[in-house]
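In: Following is a predicted model, sequence given first.
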Amino acid sequence: MHPAMADSLKRLLKRLSEDKRCLGIFLSGSYAKQTEDEYSDLDLVVVAERSGYTEFRDSLRRVCEEIMGSIPAWLPEGETPEAVNYAFLFEAEDGIFLYDVYVIKDKDLPNCHPYDAKHILFDRTGVLAGSVKERRPAGFNADDLLRMVTCYWVYMYLNGKYLKRSDVYKLLYIQQTLFQDHIAVLHAFYPDKDWTWWAVNVKYLTKTKREEMLIYFKNTTPKDIASVLKKEMDIFSQDAKKACLKYGLEYPADAEKAVRKHLVEFFSNK
């Protein structure tokens, strides 16, 4: 951990541990997974006593500014009555650093808990020690596989009309959607892995497959996108058929056949 980050964390822990509304703090993100490097931001989960939650939450920025000084960016994300995440930047002599602080009411602990006792940084009442659970991947839900495959072919179909309109921005949106759906289908081959954020998920793939998946990102004009659609379809079809076979499902070949026919006819009539 960078010295500036380590120092800020030490002072933040001391300050929050003195606040009776704060029941506990634990690490999440890369530091909890032990995958951090010199560029990693710091992810914390802060558990607040339910009756004082709102006041505690609303005071957090002021507390952080008193400890860390200038905070040029403070971003609340995903706020609900039970929790909120604050992503914020603070400046130090050596640069600018990022925190992600997830503040939750103590009753929400069943849905957000430390996976190892060593990740607990502060535990006023022992509530965190009693909530430690072994990290277990959610697993792959085979019931969703046919929906994912069908989704891919429906979105692939949409390339036709957007190519006809030369609507590059909608074409880029379609490419993004096809990529994410393809990644979701690839989870079928790695059911024991956490599959949450595609930028992490791709690390589970072979080097060849990672390079292959870049096809969705390489083209930014209608002409260039049109030139790779067949290859995209071929790659996806191969992966999706293997996934369906693995889980004993009948591949929706009619959907693929209809979309390929539509696009072939589109190009031949262009």
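Out: Perfect, thanks for sending it.
In: for the record, mean pLDDT for stretch 73-87?
Out: For stretch 73-87, mean pLDDT rounds to 93.
In: now stretch 259-270
Out: Computed over stretch 259-270, the mean pLDDT rounds to 78.
In: What is the burial count for D106?
Out: Counted with other C-beta atoms under 10 Å, residues neighbouring D106 total 17. In short, each C-beta sits where N, CA and C put it, glycine included.
In: Please tell me I have it right and it contacts V47.
Out: Yes. Under the criterion of C-beta atoms under 8 Å, D106 makes contact with V47 at 5.3 Å.
In: any shared contact partners between the two?
Out: Both D106 and V47 are in contact with L23, V127, where contact means C-beta atoms under 8 Å, 6 or more residues apart in numbering.
In: For F179, see how far away W195 is.
Out: According to C-beta to C-beta, to the nearest Å, W195 and F179 sit 15 Å apart.
In: Parallel or antiparallel, which strands does the helix or strand where F97 lies pair with?
Out: Following DSSP states H and E, one finds F97 within strand 95-105. Strand 95-105 pairs in its sheet with strand 42-48 (parallel), strand 83-92 (antiparallel), by DSSP bridges.
In: For those strands, please prepare JSON lines with the additional fields mean neighbour count and distance to L245.
Out: Formatted as JSON lines, the strands paired with strand 95-105 follow (neighbours: other C-beta atoms under 10 Å; distance: least, C-beta to C-beta, whole Å):
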{"stretch": "strand 42-48", "mean neighbour count": "24", "distance to L245": "38"}
{"stretch": "strand 83-92", "mean neighbour count": "18", "distance to L245": "40"}
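In: would TSV of those strands with distance to I120 be doable?
Out: Shown next, in TSV, are these (distance: least, C-beta to C-beta, whole Å):
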stretch	distance to I120
strand 42-48	10
strand 83-92	18
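In: So for S59, which of the ones you listed sits nearest?
Out: Proximity to S59, assessed across the strands paired with strand 95-105 by C-beta to C-beta, is greatest for strand 42-48 (10.3 Å).
In: which residues touch that closest one?
Out: Against strand 42-48 from outside (C-beta under 8 Å, 6+ apart): 1, 5, 9, 16, 21-32, 56-57, 60, 97-106, 109, 112, 114, 121, 127-128.
In: what's the weakest-modelled helix or strand in this structure?
Out: helix 29-33 (a mean of 81; mean pLDDT, DSSP states H and E).
In: for that one, packing partners?
Out: When contacts are defined as 3 or more C-beta pairs under 8 Å, 6 or more residues apart in numbering; DSSP states H and E, helix 29-33 packs onto strand 42-48.
In: C-alpha coordinates for the strand it packs on, CSV please?
Out: This file holds the C-alpha atoms of strand 42-48, laid out as CSV (Å, rounded to 0.1, in the frame of the first residue of the first chain):
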residue,chain,number,x,y,z
LEU,A,42,-8.8,1.2,-1.2
ASP,A,43,-12.2,-0.4,-0.7
LEU,A,44,-13.7,-0.3,2.7
VAL,A,45,-17.0,-1.4,4.1
VAL,A,46,-18.2,0.7,7.1
VAL,A,47,-21.0,-0.6,9.3
ALA,A,48,-23.1,2.0,11.0
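In: Show me how far that strand is from its chain's centre.
Out: Here strand 42-48 is found 18 Å from its chain centre; the criterion is C-alpha atoms, centre = their mean, to the nearest Å.
In: same deal with stretch 30-46?
Out: 15 Å.
In: how far away is the spatially most central residue of the chain from D106?
Out: With distances taken as C-alpha atoms, centre = their mean, the residue of the chain nearest its centroid is W197 (3.1 Å). Remark: distance between W197 and D106 (C-beta to C-beta) = 27 Å.
In: Can you name the residues in contact with the longest helix that the chain contains?
Out: Using DSSP state H, we find that the single longest helix of the chain is helix 222-246. Under the criterion C-beta under 8 Å, 6+ apart, residues 145-146, 149, 152, 156, 159, 162-163, 166-168, 171-172, 175, 178, 182, 185-186, 188-189, 212, 215-216, 218-219, 250-251, 256, 259-260, 263, 267 lie in contact with helix 222-246.
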